[in-house]
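Asks: take this sequence and fold it.
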Amino acid sequence: MALVILCSFFLSNCDLESDENFYFVNLEITDADIPDFFVLNQSHNMEVTFSRPDGCTYFQGFDVFSDENGVTTVVAIGSVLTDQDCSPPRESLTGILTITAQDVEFYTLRFYSGEDAEGNIQYLEHRVPVVNGINP
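Replies: Numbering: from 1, shown residues only. Reported below is the predicted structural model:
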């Protein structure tokens, strides 16, 4: 208990810089190289292509989460620096996403691909069967 109080005291006295020079954004995924099937309990690397909108935006990684319906959503995360020149123009980059197949039927993968004109979130969606062995 004393350790918790001591840590709380030190953390409450820390002055964190409030003038951050970056913020996080979702990057639009334009393509994903998905295998025809996943093998149960094996890891699978997939190339995911996304748009880097300008020279101030840097890829940070993927945010991957699953819902109770077995849908896995993938979002490419970027950080945007606010105190730099933002040229060059938009470009496509590729990152590696690793998924370990733990379900025995299939995966529904949804990749965030931006918003439509009305502001509705759009996804590239793939349904990938999972097999219990090398050959499906």
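
Asks: what ranges do the strands span in this protein?
Replies: Ranges of strands within the chain are 22-27, 29-32, 38-39, 43-52, 57-66, 71-81, 91-100, 106-115, 121-131, based on DSSP state E.

Asks: pLDDT below threshold where in this structure?
Replies: Low-confidence segments of the chain, defined by pLDDT under 70: 1-19, 134-136.

Asks: any chance of a markdown table for the strands of the chain, columns mean neighbour count?
Replies: Where you see a C-beta, it was placed from the backbone N, CA and C, and this is true even at glycine. Output for the strands of the chain, formatted as a markdown table (neighbours: other Cβ atoms under 10 Å):
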| stretch | mean neighbour count |
| --- | --- |
| strand 22-27 | 16 |
| strand 29-32 | 18 |
| strand 38-39 | 20 |
| strand 43-52 | 16 |
| strand 57-66 | 14 |
| strand 71-81 | 18 |
| strand 91-100 | 14 |
| strand 106-115 | 19 |
| strand 121-131 | 15 |
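
Asks: relative to His126, how far out is the nearest residue to Phe38 once chain neighbours are set aside?
Replies: Spatially, and ignoring its direct neighbours in sequence, Phe38 is nearest to Ala101 (3.6 Å; Cβ to Cβ, 6 or more residues apart in numbering). Going from Ala101 to His126 by Cβ to Cβ, to the nearest Å gives 13 Å.

Asks: what residues does the nearest residue to Glu28 once chain neighbours are set aside make contact with?
Replies: Spatial nearest neighbour of Glu28, excluding adjacent residues (Cβ to Cβ, 6+ apart): Gly114 at 4.1 Å. Applying Cβ atoms under 8 Å, 6 or more residues apart in numbering to Gly114 gives the contacts 28, 121-122.
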